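S.K.: with the sequence up front, the predicted model follows.
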Amino acid sequence: MTSNRMLLGTQKGLLTLEYRRNGWDMIREDFLGEPVPYAATDPRTGDVWAALDHGHWGVKLNRSKDAGASWQEVHAPAYPEGAEFADGEAATARYLWVIAPGHGDEPQRLYIGTEPGGLFVSSDGGTPG
């Protein structure tokens, strides 16, 4: 599938660009003023995912089922309560750095990489629990 859209995460929001006859045109601006380190479109469903980095408020994960016309916040990956990276250092996802859909034969699989190093897997398409 060839796409004529590009998602561009910036320190001040998410830009959606579309390639048209004379080049790239910006067609949407979302999450204005909020850092968006990563965004991706799931080619299996068309869902658009955006990771937000609020610093003070922590990481947020949003999904759009209508190409960005509306967004729903979903539960961001979190380590189990009591998990530690080192003695006395609580395991906390401080940054979402990649969102990757599963293979075509895994219609609900979604992978999210975090910092510090973690890989979270959703088998229900990121459905809020």
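M.R.: Noted; the coordinates are in hand. Residues are numbered from 1 along each chain as shown.

S.K.: quick check, distance from stretch 115-123 to the centre of its chain.
M.R.: Relative to its parent chain, stretch 115-123 has a centroid offset of 12 Å by C-alpha atoms, centre = their mean, to the nearest Å.

S.K.: then stretch 95-108?
M.R.: 10 Å.

S.K.: what does that stretch contact?
M.R.: 37-40, 42-45, 49, 51, 53, 59, 61, 76-77, 109-115, 122-125 (C-beta atoms under 8 Å, 6 or more residues apart in numbering). Every C-beta, even on glycine, is put in place using the N, C-alpha and C of the backbone.

S.K.: now the strands for this structure?
M.R.: 5-10, 13-20, 23-30, 38-41, 48-53, 59-64, 72-74, 84-86, 89-90, 95-101, 110-115, 118-122 (DSSP state E).

S.K.: present these as a markdown table; the columns should include mean neighbour count and mean pLDDT.
M.R.: As requested, the strands of the chain are exported to a markdown table (neighbours: other C-beta atoms under 10 Å; pLDDT from 0 to 100):
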| stretch | mean neighbour count | mean pLDDT |
| --- | --- | --- |
| strand 5-10 | 16 | 95 |
| strand 13-20 | 17 | 96 |
| strand 23-30 | 13 | 95 |
| strand 38-41 | 20 | 96 |
| strand 48-53 | 24 | 95 |
| strand 59-64 | 21 | 95 |
| strand 72-74 | 13 | 94 |
| strand 84-86 | 10 | 83 |
| strand 89-90 | 10 | 85 |
| strand 95-101 | 17 | 91 |
| strand 110-115 | 20 | 92 |
| strand 118-122 | 15 | 90 |
